[in-house]
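Asks: Kindly return the folded structure for what I paste below:
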Amino acid sequence: MLESGYLLMDYVGNSEVQMLSETWEEDHHHRDKRINLFRGLSRIMLSLSQKPLPQNGGIPTNIGRTLTYPAKDAYYHDLLACHDSRIRHQPNSLSDEDDGRAQMARLTIMRALLPHFTNRELRQGPFLYRLTDLHPSSIFVDRHWHVKCLVELEWACSLPAETLRPPLWLTGRSMNDLTGENLEAFKQVYEEFLDVFEEEERLLPSIDNTHSYRTDLMRRAWQTGGFWYFHSLDSPRGLFNLFHQHIHPIFVSAHRVSSEFSRIISDYWAVDTETIISTKLQDKEEYEKVLRQRFEDAVDRTLKKRLHTLTKSFE
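Replies: Sure, this is the predicted structure:
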């Protein structure tokens, strides 16, 4: 008897399908296979988001489990509050004062830029259901890259319509590598994906009397930079670099960035910015001390165990 219950929905394990990740590096440059994959992903995204929802559910960090959002602005502000909470409560959230001020400055500006990247007409929704952790190892395809199965379906929720987007790994590059030539390659594949997505969307009933409603949202997000802004909101680890690489340059050219930017703006993150930075640096020092001690204790236990075993072998 198992101690925990589970539901077996399907069995994935025949010779006709394999994880996309097994052939991704070798074949993602093949356009025909890529188009087949994009068509499959588009159908999944369209199917899940075909029925717009009036509100979306909460997330656990500082947000009640029963809370729903009838308006998107409150959701975005709570996401930003989650980033604030990470700084305040994660023991090693700041490397040093400069790092702390840089993080705080970027969060302050992210709040100020919210109106630029969001559409007031969509303030009351709709919210679209989608999978939030689609990656090559959760997608099973045949040898032509037709999508056959998905796993890890628990990572799904309803989110503001304007945050709908394809996966970031479409060119095989990590988020931080999407600059220069890599960014241009990603842009081309992104447009290729949207062309396929639009073909599939036009086969379905319209939303708001528009047969390319979701495609138009994703195109606008790329044009305005909303694609990067919403990725930043969803990524506690990636916000800093995404802001620096893709959001900041929309408004200020690199040669006009002041060295005093972080020091000045960070003071507006909270009324007690300096106190928080001082406290967090003390937290980091204590955290590293405890962590170091735990590793030393673990090494001591291992050495003692090996010494005991060696001694017993000579008895």
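
Asks: rest of the way, CA atoms for contacts and neighbours
Replies: Fine.

Asks: For the chain, which residues score under the pLDDT cut-off?
Replies: By pLDDT under 70, the low-scoring segments of the chain are 1-11, 13, 54-63, 65, 254-257, 308, 310, 312-315.

Asks: Which residue ranges of it form strands?
Replies: 18-19, 56-57, 68-69, 127-131, 139-141, 147-150, 156-160 (DSSP state E).

Asks: can you put those in a markdown table and add mean neighbour count and distance to E97?
Replies: What follows is these, written out as a markdown table (neighbours: other C-alpha atoms under 10 Å; distance: least, C-alpha to C-alpha, whole Å):
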| stretch | mean neighbour count | distance to E97 |
| --- | --- | --- |
| strand 18-19 | 22 | 44 |
| strand 56-57 | 19 | 36 |
| strand 68-69 | 18 | 35 |
| strand 127-131 | 22 | 37 |
| strand 139-141 | 23 | 42 |
| strand 147-150 | 18 | 44 |
| strand 156-160 | 20 | 35 |
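
Asks: Save the ones you listed as a markdown table, and put in distance to F251 too.
Replies: Formatted as a markdown table, these follow (distance: least, C-alpha to C-alpha, whole Å):
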| stretch | distance to F251 |
| --- | --- |
| strand 18-19 | 41 |
| strand 56-57 | 31 |
| strand 68-69 | 30 |
| strand 127-131 | 29 |
| strand 139-141 | 37 |
| strand 147-150 | 40 |
| strand 156-160 | 24 |
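
Asks: Tell me which of the ones you listed sits nearest to E199.
Replies: strand 147-150 (17.0 Å; C-alpha to C-alpha).

Asks: Direction included, what does the closest one pair up with?
Replies: strand 139-141 (antiparallel) (DSSP bridges).

Asks: Off-centre distance for the partner strand?
Replies: In terms of C-alpha atoms, centre = their mean, to the nearest Å, the centre of strand 139-141 is found 21 Å from the chain centre.

Asks: Identify the residues contacting it?
Replies: With C-alpha atoms under 8 Å, 6 or more residues apart in numbering as the contact definition, strand 139-141 has outside contacts at 17-20, 147-151.

Asks: biggest helix in the chain by residues?
Replies: helix 273-313 (DSSP state H).

Asks: Can you show me the CA trace of stretch 161-168 as CSV?
Replies: Extracted in CSV, the C-alpha atoms of stretch 161-168 (Å, rounded to 0.1, in the frame of the first residue of the first chain):
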residue,chain,number,x,y,z
ALA,A,161,-3.7,37.6,-21.2
GLU,A,162,-0.9,40.0,-22.1
THR,A,163,1.7,37.8,-20.4
LEU,A,164,1.0,34.9,-22.8
ARG,A,165,4.3,33.9,-24.5
PRO,A,166,6.1,31.0,-26.0
PRO,A,167,9.0,29.3,-24.1
LEU,A,168,12.3,31.2,-23.8
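
Asks: Tell me which of the strands of the chain sits nearest to F117.
Replies: Per C-alpha to C-alpha, nearest to F117 of the strands of the chain: strand 156-160, 12.5 Å.

Asks: Who are the packing partners of the closest one?
Replies: When contacts are defined as 3 or more C-alpha pairs under 8 Å, 6 or more residues apart in numbering; DSSP states H and E, strand 156-160 packs onto strand 56-57, strand 127-131.

Asks: Once you drop chain neighbours, what's closest to G40?
Replies: Take G40 and drop its neighbours on the chain: the residue closest to it by C-alpha to C-alpha, 6 or more residues apart in numbering is V147, 5.3 Å away.

Asks: OK, contacts around that neighbour?
Replies: Per C-alpha under 8 Å, 6+ apart, neighbours of V147: 36-37, 40-41, 139-141.

Asks: And for S137?
Replies: 19-22.

Asks: again, 7 Å this time
Replies: Contacts for S137 were tallied using C-alpha atoms under 7 Å, 6 or more residues apart in numbering; they are 19-21.

Asks: Please apply the same query to M19.
Replies: If you count contacts by C-alpha under 7 Å, 6+ apart, then M19 has 136-141 around it.

Asks: between these, which is nearest V252?
Replies: P136 (35.6 Å).

Asks: Burial check on that closest one, number of neighbours?
Replies: 19 (other C-alpha atoms under 10 Å).

Asks: Now do the phi/psi pair for it.
Replies: phi -60, psi -20 (degrees, to the nearest 10).

Asks: quick one on the thing from earlier: please tabulate the contacts of M19 in a markdown table, including the columns distance to H83.
Replies: Output for the contacts of M19, formatted as a markdown table (distance: C-alpha to C-alpha, whole Å):
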| residue | distance to H83 |
| --- | --- |
| P136 | 27 |
| S137 | 28 |
| S138 | 27 |
| I139 | 30 |
| F140 | 34 |
| V141 | 36 |
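
Asks: Kindly indicate which of these lies nearest D297.
Replies: When the contacts of M19 are compared against D297 (criterion: C-alpha to C-alpha), the nearest one is S137, at 36.7 Å.

Asks: for the closest one, phi and psi?
Replies: According to degrees, to the nearest 10, S137 has phi -90, psi -10.
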